[in-house]
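Visitor: Show me the folded form of this:
(2 chains)
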Amino acid sequence: MLLHVNTSSGVPVYLQIASQVKHAVAAGALKQGDALLSVRKLAAELRVNPNTVARAYQDLEREGLIRTVPGGGTYVADHQPGLLKSEKLRRLRPLARQLAVESSQLRLSPDDALKLVQEELDDLGGRR
Amino acid sequence: MTETVISTQGLSKVYPQVRAVDGLDLNVPRGAVYGFLGRNGAGKTTTIKTLLGLTHPSGGSAQVLGFDIRKDTIAILERTGFVSETKQLFDSLTPAQLVRFNRGYFPKWSDALAARYADLFEIPMQTPFAKLSLGNRTKVCHLLALCQGAELLLMDEPTAGLDPVMTDLLLRVLIEDHVNEGRTVFISSHHLSELEKISDWIGIIDRGKLLLETRLEDIRLNFRMVTVSGDSVPKLSAPNLVSQRSSDKFHRFLVTRDADEFAAQLRGQGATVLEVSPVNLGEVFLGLAGKETSCTSGNAGAIPATV
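Guide: Predicted coordinates:
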């Protein structure tokens, strides 16, 4: 798993880590039961504070994406979160809103914006 | 309660020309990576020297690892790895000789670690210190500080003079061998992006005074830049307001919490709120210690460039 962080992006580092793990799982690069690097190892790998990695892992665990075996490492969870569809949509809405705002500020047509989303979805589907 | 490794109460150091450290209240918890930020001449180096007992304070008090800086200098020096700003050691000794000279002073010295770092940092161990490049001198200073088995590392501008590869390597070693082992690291620097990655606590000093001490997490979660436009400069004094900049009809406020309430107050004064955005360390630093800068109307509403 090759993660990277960018401190100038304005996105908190723990969110960058969490979203990259999510992406790797969604794209099939990480499969159920795969081991993640330990907090300490990943912190050293990324040159970030261990607390930052721990925070990202906590968030991912709370969302049911990974599970931690006490003293035995961190793994991609066997059953990905079975949330109600309404809850899934609720979580996604802020991102959709951001996309809508940005694309209208850039004066992109709704079709262009939707096409972009479709391409990203296709891209994930193709890699599975 | 977290144990405090460094704490100061009204610490001051006055030189004939300048109040270098002016009533400093620092609190560094055990296990923290504490980024001590300040402009050139802000008082960073004087603070560190005072903490180590290398210079006597003019006022106030301080404890390092529970020891009084006025009385227990030896006990503090034994337990603290120190990388000085000047990176000066005995010119005629080679790094290998410096290692032999230093190890005797530190009961927890690790020869294995010294051998590993000499190799990893690619230090020419048999060349007299005077003939080493600035980069290699810096690496020798790091090796000596990192092998002491110190509970606390005090590093003054640790990456100055290092190339990007070596800087990266040093950060890795710091996290892998020291932070991960629960040691406390106190780094003074003005390299914001480095500190932003590895620190979990931040202290900002300017003209000898501590302007801010907080968890980095708190900056991410609660600090916000509120950008508004309006013909008159809104006048607000709130305890959460840190700094205010105005240019033309655009005004920017850096607040430490409750940004939405703050924005509502501005709206109440007739201002148009353009944006409430998270800030990075660079923006906080510029907001606190920066000079007044004008932002043109063209980019006043834009996300500020990062430092």
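Visitor: Just give me the residue right at the centre of chain A.
Guide: residue A:19 (2.2 Å; Cα atoms, centre = their mean).
Visitor: Looking at chain A, which helix is longest?
Guide: Using DSSP state H, we find that the single longest helix of chain A is helix A:85-105.
Visitor: Which strands or helices does it pack on?
Guide: Counting contacts by 3 or more Cβ pairs under 8 Å, 6 or more residues apart in numbering or on different chains; DSSP states H and E, helix A:85-105 is packed against helix A:110-127. Glycine gets a C-beta too; all of them are placed from N, C-alpha and C.
Visitor: how far out from the middle of the chain is the helix it packs on?
Guide: 17 Å (Cα atoms, centre = their mean, to the nearest Å).
Visitor: one step back: identify all contacting residues around the longest helix of chain A.
Guide: The contact list for helix A:85-105 (Cβ atoms under 8 Å, 6 or more residues apart in numbering or on different chains) reads A:83, A:110, A:112-113, A:117.
Visitor: ok, now with 7 Å
Guide: Identification of contacts with helix A:85-105 by Cβ atoms under 7 Å, 6 or more residues apart in numbering or on different chains yields residue A:113.
Visitor: Report how many residues lie close to residue B:138.
Guide: Residue B:138: 22 surrounding residues under other Cβ atoms under 10 Å in any protein chain shown.
Visitor: so it touches residue B:166, yeah?
Guide: No - shown here, residue B:138 and residue B:166 do not form a contact pair, counting by Cβ atoms under 7 Å, at 8.2 Å.
Visitor: And the longest strand along chain B, what's buried?
Guide: Secondary structure assigned by DSSP state E gives strand B:4-14 as the longest strand of chain B. Neighbour counts over strand B:4-14 (16 or more other Cβ atoms under 10 Å in any protein chain shown) mark B:4-8, B:11-13 as buried.
Visitor: what helix or strand is the residue nearest the centre of chain B on?
Guide: What sits nearest the mean C-alpha location of chain B, by Cα atoms, centre = their mean, is residue B:36, with 1.8 Å. Using DSSP states H and E, residue B:36 sits within strand B:33-38.
Visitor: For chain A, which residues are neighbours of chain B?
Guide: A:5, A:7-8, A:10, A:12-13, A:40, A:43-44, A:47-51 (Cβ under 7 Å from any Cβ of the partner chain).
Visitor: any idea which of the residues you listed is closest to residue B:21?
Guide: Distance ranking of the residues of chain A next to chain B against residue B:21, using Cβ to Cβ, places residue A:49 first at 26.7 Å.
Visitor: Give me the helix or strand of chain A that scores worst on average pLDDT.
Guide: helix A:85-105 (a mean of 83; mean pLDDT, DSSP states H and E).
Visitor: Show me how far it is from its chain's centre.
Guide: With Cα atoms, centre = their mean, you get 15 Å for helix A:85-105.
Visitor: next one: stretch B:42-58
Guide: 14 Å.
Visitor: ends of that stretch, how far apart?
Guide: 17 Å (Cα to Cα, to the nearest Å).
Visitor: ok, the closest residue to residue B:80 other than its chain neighbours to chain A distance?
Guide: Distances taken as Cβ to Cβ, 6 or more residues apart in numbering or on different chains put residue B:152 closest to residue B:80, at 4.8 Å, once the chain neighbours are dropped. Distance, residue B:152 to chain A, by Cβ to the nearest Cβ, to the nearest Å: 17 Å.
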